[in-house]
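1. I'd like to go over a predicted model; first the sequence, then the structure.
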There are 2 protein chains.
Amino acid sequence: MELKNYIKIKRALLSVTDKTNLLSLAKCLSELGCELISTGGTAKVLSEAGIKYTEIGTVTGNPEAFGGRMKTISFAIESALLFDREKDKEEAERLGISPIDLVVCNLYDFEKYVRAGSGLSELIEHIDVGGPTMIRAGAKNFKYVAVVTDPKDYAGIIEELTTNEGALSYNTKQRLMTKAFNLTADYDAAIAQAMDKFSGEDSLRIALKGGKPLRYGENSHQQATMYRRSSSEHSLYDVSSYNGIELSYNNILDMQAAIETVVTLNRQGCVIVKHNNPCGMAESNSQLNSLELAWAGDTVSAFGGIVAFNTLVDLPTARFFEYDNEDKSKKKFIELITAPAFTDEALQYLKLQKNLRIVTYLPEMLSASNELRVTNDMALLQSTDNKLSSKMELATKNEFPLEEWESLISFGLAAVRHIKSNAIALVRATGDGVLQLIGMGSGQPNRLDSIGLAIKKAKKNLNVSSFENEQIVLISDAFFPFEDNVDAANEVGIKTLVQPGGSIRDKYVIERANSYGMNMILTGIRHFKH
Amino acid sequence: MELKNYIKIKRALLSVTDKTNLLSLAKCLSELGCELISTGGTAKVLSEAGIKYTEIGTVTGNPEAFGGRMKTISFAIESALLFDREKDKEEAERLGISPIDLVVCNLYDFEKYVRAGSGLSELIEHIDVGGPTMIRAGAKNFKYVAVVTDPKDYAGIIEELTTNEGALSYNTKQRLMTKAFNLTADYDAAIAQAMDKFSGEDSLRIALKGGKPLRYGENSHQQATMYRRSSSEHSLYDVSSYNGIELSYNNILDMQAAIETVVTLNRQGCVIVKHNNPCGMAESNSQLNSLELAWAGDTVSAFGGIVAFNTLVDLPTARFFEYDNEDKSKKKFIELITAPAFTDEALQYLKLQKNLRIVTYLPEMLSASNELRVTNDMALLQSTDNKLSSKMELATKNEFPLEEWESLISFGLAAVRHIKSNAIALVRATGDGVLQLIGMGSGQPNRLDSIGLAIKKAKKNLNVSSFENEQIVLISDAFFPFEDNVDAANEVGIKTLVQPGGSIRDKYVIERANSYGMNMILTGIRHFKH
């Protein structure tokens, strides 16, 4: 196809706010015999570097006017960008319009002034009109015109120009055009959002890029795609996969819950997630030990789960899964393993399990401060739940060495924050400073049911009928509405309860805890998660 | 403030694709002594109606050129829109630029051609360059220029012009400017998305409007805002509230789950949701009866829940809550009640409970076909789970009158689809065609635990230890991985199981069901929901 051919850049228009690397591109164009047209500040930079250019006024026939509001917009410039080089050739000649083949342009930095909290009239001054017009005109005519909007693209363009005697390909121009319309879309999105705000309306525009089709959604009859928020420096989209089949929709959700939980742990942390709930979790000075204890938290559910670590995974840890065991029944099947990094040996070992998804993440990928759900064309935006507690207040009468228990309580809060409501976590510390989730109750409409589930699991895990001799804490994501919750804990010898507090019935609940000689700590922060 | 004053519109530029109601505005302007400037097709319409106008070429000094690509863009027009009426007054006079005070312009309908599946070169032809330039230039200078981009705004402008001797207020111009930048943002968003696609990239741009700050998010330390997707005809954002305090974040999520479930029911349906899970649900020929049975499904959890109906709520139903009972303990406290409508009597009665949120919805508000989650700056888009089953296949040996049971099974699938995974629903039909959810198990990492929870609740509800004499079905959102699930059902006399099937172990599970003389129906569709 002829259009895929290279077209020589004979005439270029340079008008930029950001002068970064401008000269390298200008020199290259100039040396290749391209005529440069330029405006105000850009022209000054060229002039100082001794690069020949044509003053834009010579082309437009107009002065730069109105404090710079009118520089490029003119019949001459936009015609030179817009006319069809085939159909309109004669008309252009008749009208004395010579083509412009390349535009280098970037826009006034509008968002900088939004961030700085500028008022309406100041912001208005930073809305670029001439720039978007040139960019959009050139982009519309991209078959013939290259539109360069980002200094980061200069190097590639210089290389292509140099290699091809001053010509650029159709593909390059299509890529630049696509980028150009994304720029003007982002630009007007920022303006619209800011102007809405001045009109008293809170609006939000979100751009998502890099759509990867997933095999399916939560279920196989649902289509799904994963995107990256394009404006973000960091995104969980950017995790790296090293093995196994593609991540599924549910893998991604579970992996996210696992990573969100494990990054809040100290020392060597391990979290196992199944169906979006942390069902195993431990923290100790040994990675392998943490994995063993997390696995022991729910050995039934751990199978087919997602396992996440907060540190480099080494070979001894990897060997836990027994992927080289000849007895297949010993192999511990999981869907996905994730960590900030793996040693080469660990990676190689884990790859023995062909379908195991091995994923590395960076903690920064969790730096987004908001989450958004859009369903039924209604959107709910909320800031992330990033605060474990606002206080640690002993509400009961008995003396209790709260400081000594604080790390266990924080560990339990980290678990309960990610368990679906109503959420209960039973966590244990053993003498050697090892912290473990020994039972969890999740997703119940009724808090008492969640307590029952957590206790049942913990009994089974520890093979005990009472927890009297354990350093154990029961943590609730929300307040205890009634005393029956306290009764249920007491019945199995649990002595320490943690809850946010805030019920009008707190005092009765605390009274009941006192009547059993229990300790109750109020944290001030609820952790509902639906 | 002087700027809030009205400024007379002396000169207007009219250049529209959509000619709807153009003449009414043009006549009004003309009669008020405003000079009209116009282009091609717009001018023709004015001319035919006998309205005097100035040909744009007279102002620009340029011809309409290049098949219409160049019509308005010119130093004269954009200067007339952009110059500062105070600062630049003398310069404008010197350059012979007279102000244009109003622009009526709309854009080529780019999205129409996207929807029609046009190729790249055809789409490119429908990218408007002159229109956005005029609109953005006028909008930037909105202190002095009104930019009208929507025929729907003509009537209001005509009224304001007529009332104010041809002048428009600052506020009106600010409103029009804000709308204008939203239009150009939407326009370039559509172009960017289409051009990305031609470059092989799947991108998505979403505009959300009407942000309403909520009291807080899922928890009080989280901020939250609700938005409406601006491009949508219908949105659950548009529900109407009739009483009570503001909807909370969790109210909205629960209400959504309740409505999504209840609209799938037939006859008189009622759903009660707590913590995002349907915990009570019934369908019958009597609304009150359905409410009573839904309430009986989990009388503990129903308190403080969200109650939804699929039909007009009448007074007898409303009286169920006993808000006029002098014995306060009889009042059934709920957070929110929602239905397509309420009779006046029902509404009045329900308002007796001051804090009760009363909300009406329209079934169309659930017409969105996709849902999106953005967390950690990664987005997951999926089509909604809108298919209950792909088959109804009896997998067991016994004869079973499947058709007679189909409505009960579909009812149960409607429940299980909205219960968090692993989800189990126990549903019952009674002789008079009444369908009821009698127990549910939700949010467990382990399916067997969910079965246990559902059975425990159902036993308590029906006050039985076995279900042998009931027309009851146990429905699972996903396949049974092991026979223990079948054992658990058999133990309490449940005879009919429904599951999607699809496990490599299906045959063993079916064998086990046969060994108990059970019925097992395969539906082909999984309903994970996390």
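-> Yes, it's here.

2. Can you get me a residue count around whichever residue of the stretch 301-450 of chain A sits closest to chain B?
-> Chain B sits closest to A:G443 of the stretch 301-450 of chain A, with a gap of 1.5 Å, by Cβ to the nearest Cβ. Glycine gets a C-beta too; all of them are placed from N, C-alpha and C. Counted by other Cβ atoms under 10 Å in any protein chain shown, the residues lying close to A:G443 total 33.

3. For the stretch 51-200 of chain A, which segments count as helices?
-> A:56-60, A:75-82, A:89-94, A:110-115, A:120-125, A:130-140, A:154-163, A:170-198 (DSSP state H, counting those that start in this stretch).

4. got the phi/psi numbers for A:A302?
-> phi -60, psi -30 (degrees, to the nearest 10).

5. Can you dump the C-alpha atoms of the lowest-mean-pLDDT helix or strand in chain A in CSV for me?
-> When the helices and strands of chain A are compared on mean pLDDT, DSSP states H and E, helix A:299-302 comes out lowest with a mean of 85. Output in CSV follows, covering the C-alpha atoms of helix A:299-302 (Å, rounded to 0.1, in the frame of the first residue of the first chain):
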residue,chain,number,x,y,z
THR,A,299,-5.2,-26.6,55.1
VAL,A,300,-8.5,-27.4,53.2
SER,A,301,-9.0,-23.9,51.7
ALA,A,302,-5.3,-23.3,51.1
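
6. what's downstream of it, the next helix or strand?
-> strand A:306-309 (DSSP states H and E).

7. I'd like to know which elements that following strand is packed against.
-> Judged by 3 or more Cβ pairs under 8 Å, 6 or more residues apart in numbering or on different chains; DSSP states H and E, the packing partners of strand A:306-309 are helix A:249-262, strand A:268-274, helix A:287-296, strand A:336-339.

8. try it again with 6 Å
-> Helices and strands touching strand A:306-309, by 3 or more Cβ pairs under 6 Å, 6 or more residues apart in numbering or on different chains; DSSP states H and E, are helix A:249-262, strand A:268-274, strand A:336-339.

9. quick one: the most far-flung residue of chain A relative to its centre from chain B, how far?
-> Distance from the centre of chain A peaks at A:R94, with 54.2 Å (Cα atoms, centre = their mean). In this structure, A:R94 and chain B are 9 Å apart, going by Cβ to the nearest Cβ, to the nearest Å.

10. now do A:G33
-> For A:G33 relative to chain B (Cβ to the nearest Cβ), the value is 27 Å.

11. Tell me who's in contact with the closest residue to that residue other than its chain neighbours.
-> The shortest distance from A:G33 to any non-neighbouring residue, by Cβ to Cβ, 6 or more residues apart in numbering or on different chains, is to A:G166 (6.6 Å). A:G166 sits next to A:8-9, A:32 when contact means Cβ atoms under 6 Å, 6 or more residues apart in numbering or on different chains.

12. ok, now which ones touch the closest residue to A:S235 other than its chain neighbours?
-> For A:S235, ignoring the flanking residues on the chain, the nearest one in space by Cβ to Cβ, 6+ apart is B:D377 at 3.9 Å. Residues counted as contacts of B:D377 (Cβ under 6 Å, 6+ apart) are A:229, A:232, A:235, A:368.

13. Give me the secondary structure label for A:L437.
-> Secondary structure, DSSP: H, G, I helix; E, B strand; the rest coil: A:L437 is strand.

14. What is the burial count for it?
-> For A:L437, using other Cβ under 10 Å, the count is 34.

15. out of the contacts of A:G166, which one sits closest to A:V145?
-> Distance to A:V145, by Cβ to Cβ, is smallest for A:I9 among those, at 9.3 Å.

16. Quick check: phi and psi on that closest one?
-> Torsion angles at A:I9 (phi, psi; degrees, to the nearest 10) stand at phi -90, psi 110.

17. My read is that it contacts A:C34, right?
-> Yes - using Cβ atoms under 6 Å, A:I9 is in contact with A:C34, at 5.3 Å.

18. Give me the more crowded residue out of those two.
-> Between A:I9 and A:C34, counted using other Cβ under 10 Å, A:I9 has the larger neighbour count: 22 against 18.

19. quick one: contacts for the more buried one?
-> The neighbours of A:I9, taking Cβ under 6 Å, 6+ apart as the test, are A:34, A:101-102, A:166.

20. is it possible to export the residues you listed to CSV including distance to B:V427 and pLDDT?
-> Shown next, in CSV, are the contacts of A:I9 (distance: Cβ to Cβ, whole Å; pLDDT from 0 to 100):
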residue, distance to B:V427, pLDDT
A:C34, 75, 97
A:D101, 70, 97
A:L102, 68, 98
A:G166, 74, 95
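
21. Just those residues: which are in strands?
-> Judged by DSSP state E, strands contain the following of those: A:L102.

22. Just the closest of the contacts of A:I9 to B:Q348, please.
-> A:L102 (71.3 Å).

23. Find me the pLDDT at the spatially most central residue of chain A, would you?
-> Chain A has A:S235 as the residue nearest its centroid, 2.7 Å off, counting by Cα atoms, centre = their mean. Looking at A:S235, its pLDDT reads 97.

24. tell me the contacts of it?
-> Counted by Cβ under 6 Å, 6+ apart, A:S235 has contacts A:228-229, B:377-378.

25. closest to B:M195 among those residues?
-> A:R228 (17.9 Å).

26. A:R228 should be in a helix, yeah?
-> No - read with three-state DSSP, A:R228 is strand and lies in no helix.

27. Give me the neighbour count for it.
-> Using other Cβ under 10 Å: A:R228 sits among 21 other residues.

28. Please point out which parts of the one helix or strand A:Q348 maps to sit buried.
-> A:Q348 belongs to helix A:344-350 when assigned by DSSP H and E. Using 16 or more other Cβ atoms under 10 Å in any protein chain shown as the test for burial, helix A:344-350 gives A:346-347, A:349-350.

29. can you list the residues you listed in CSV and add distance to chain B?
-> Shown next, in CSV, are the buried residues of helix A:344-350 (distance: Cβ to the nearest Cβ, whole Å):
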residue, distance to chain B
A:A346, 25
A:L347, 23
A:Y349, 26
A:L350, 23
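
30. what's the closest of those to B:S15?
-> Nearest member of the buried residues of helix A:344-350 to B:S15, counting by Cβ to Cβ, is A:L347, at 62.9 Å.

31. excluding its backbone neighbours, what's nearest the closest one?
-> A:Y242 (6.2 Å).
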